[in-house]
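Asks: Build me a model:
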Amino acid sequence: MKVNTEISAVEEVLTRGVQEIVVADSLKKKMLSGKQLRIKHGVDPTSTDLHLGYAVVYEKLRQFQELGHKIVFLIGSFTARFGDPTDKGKVREMKTKEAVMEMAKEYIKQLGKIIDIKKIEVVYNGNWYDKFSAEDLLNLMSKFTVARMLERDMFQQRMKEAREIYLHEPVYPVLQGYDSVVIKSDITVIGSDQKFNELQARPLQEAAGQVPQDLMMVPLLIGTDGEQKMSQSLGNYIGIADSPQDQFGKTMSIPDSLIYSYFELCTRVDASDLYEIEKQLKSGENPRNIKVRLAKEIVKIYHGERAAQKAEEEFINVFSNKQKPTNIPKFVFREDMNILGIMVASEMVTSNSEGRRMVEQKAVKVNEIIVSDIEQHGFKAGDVVQVGKRRYIELV
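Replies: This next block holds a predicted model:
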């Protein structure tokens, strides 16, 4: 495939939804050279569900792919076993190789909703790290200082609070950097929180006789709560694999202040549309109307135009006309199950603690009656359970 070096197309990739580039002049020169570049993005599979926070990066990968570049999608089949300490106040729990590989399958499957996975190169860093000897690892570690690795905010915070830093944790950025040497990365596309880790690749690549990779960093997407970055553990996420109705409803729940950034980072509307949307928001147009378009644009990417239209109609019926959804999922329950058990088993909530929190917030109803006791039981077939504004099941 011929590489597109049209200046307007290159500028669009370099500017839209980009927070920082290291080194900007170098990256632009590479993109205008006509050479097919190797675009690295690495992930440590930690969940089977990807959300729009991941998709911000994947949309940027799609843009590079459409220009004709090679996406090298690196699965941390080794590094995910002990995990990236970035932003973590305590050590991550270790995972087995089998668990990591199982989650990796879902990553690639969901990635296919955004980019053409038939054209990408998928690599696993376990393929080289599982063959490393102790001498290999020590030789790699000798290229860096302890002081440099401990500069990071989360390690400084732990030391202030007299909390442990385990020996393997500062080694993680070294391994992430070495990945770039192995795959001969020209550019890495990352969330802004990965800057320190990916910078470690540049001296290693120079030492190996390679041109150092440039870094393109995109912002961390704020979640539906409008406060913290999007995260499964915080429950403030919109999943790539969510149903059209859930994607639409969750998007409609975001604060108005996030509308523009979601358009810029999570949709494919062109630059002229973005300009008009910004004008509409500043002119005082009802943000709900703009948000409806945003929700449709997001659903369209993952489920298609028709599903987006149906999701809008469903939303209007449920929230404006106060009707139940037209297709309520069925859940086979046992008569001895209490409401908390039903919510967790049916995956209406992700944990017991979330279920308790929803009951405390009076956000759980059975047949339109608020549930106040997590031990409530005695349900029957045909009962409709509602959690929050969008989640429904019918017991069978």
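
Asks: Show me where the stretch 251-396 of the chain has its strands.
Replies: Using DSSP state E, counting those that start in this stretch, the strands of the stretch 251-396 of the chain run over 330-331, 364-366, 369-370, 384-387, 391-395.

Asks: Please convert these to CSV, extending it with mean pLDDT and mean neighbour count.
Replies: For glycine as for every other residue, the C-beta is placed from the backbone atoms N, C-alpha and C. Formatted as CSV, the strands of the stretch 251-396 of the chain follow (pLDDT from 0 to 100; neighbours: other C-beta atoms under 10 Å):
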stretch, mean pLDDT, mean neighbour count
strand 330-331, 88, 14
strand 364-366, 89, 19
strand 369-370, 90, 10
strand 384-387, 89, 20
strand 391-395, 86, 19
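
Asks: Of the ones you listed, which is nearest residue 200?
Replies: For residue 200, the closest of the strands of the stretch 251-396 of the chain is strand 391-395, at 42.3 Å, according to C-beta to C-beta.

Asks: between the strands of the stretch 251-396 of the chain, which one is nearest to residue 20?
Replies: When those are compared (using C-beta to C-beta), the closest one is strand 391-395, at 37.5 Å.

Asks: What strands flank that closest one, and is each parallel or antiparallel?
Replies: Take DSSP bridges as the rule and strand 391-395 pairs in its sheet with strand 330-331 (parallel), strand 384-387 (antiparallel).

Asks: Mind checking those strands for the one nearest to residue 275?
Replies: The closest of these to residue 275 is strand 384-387. By C-beta to C-beta, the value is 39.0 Å.

Asks: Now find how far off-centre that closest one is within its chain.
Replies: 28 Å (C-alpha atoms, centre = their mean, to the nearest Å).

Asks: And stretch 187-207, by the same measure?
Replies: Its chain's average C-alpha position is 19 Å from that of stretch 187-207, according to C-alpha atoms, centre = their mean.

Asks: now the end-to-end length of it.
Replies: Its start and end residues considered, stretch 187-207 measures 17 Å (C-alpha to C-alpha, to the nearest Å).

Asks: which of the residues in that stretch are buried?
Replies: 187-191, 194-202, 204-205 (16 or more other C-beta atoms under 10 Å).

Asks: ok, residues contacting stretch 106-124?
Replies: Around stretch 106-124, the neighbours that count as contacts under C-beta atoms under 8 Å, 6 or more residues apart in numbering are 43, 45, 48-50, 55, 58-59, 61-62, 65, 70-75, 77-78, 104, 182-183, 240-241, 301-302.

Asks: what about that stretch, start to end distance?
Replies: End-to-end distance (C-alpha to C-alpha), stretch 106-124: 15 Å.

Asks: which parts of that stretch are buried?
Replies: Across stretch 106-124, burial judged by 16+ other C-beta under 10 Å covers 106, 107, 110, 111, 114, 115, 120, 123, 124.

Asks: Then stretch 304-319?
Replies: Quick answer for stretch 304-319 (16+ other C-beta under 10 Å): 307, 308, 310, 311, 312, 314, 315, 318.

Asks: How about stretch 174-189?
Replies: Neighbour-count burial for stretch 174-189, counted by 16+ other C-beta under 10 Å, picks out 174-181, 183, 185-189.

Asks: the helices in the stretch 51-200 of the chain, which residues?
Replies: Along the stretch 51-200 of the chain, counting by DSSP state H, counting those that start in this stretch, helices occupy 52-66, 97-111, 126-129, 134-141, 146-149, 153-160, 172-183, 195-199.

Asks: Can you lay out those as a markdown table showing distance to residue 331 and mean pLDDT?
Replies: Conversion of the helices of the stretch 51-200 of the chain to a markdown table gives the following (distance: least, C-beta to C-beta, whole Å; pLDDT from 0 to 100):
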| stretch | distance to residue 331 | mean pLDDT |
| --- | --- | --- |
| helix 52-66 | 26 | 96 |
| helix 97-111 | 22 | 85 |
| helix 126-129 | 38 | 96 |
| helix 134-141 | 49 | 96 |
| helix 146-149 | 48 | 91 |
| helix 153-160 | 40 | 88 |
| helix 172-183 | 40 | 96 |
| helix 195-199 | 42 | 94 |
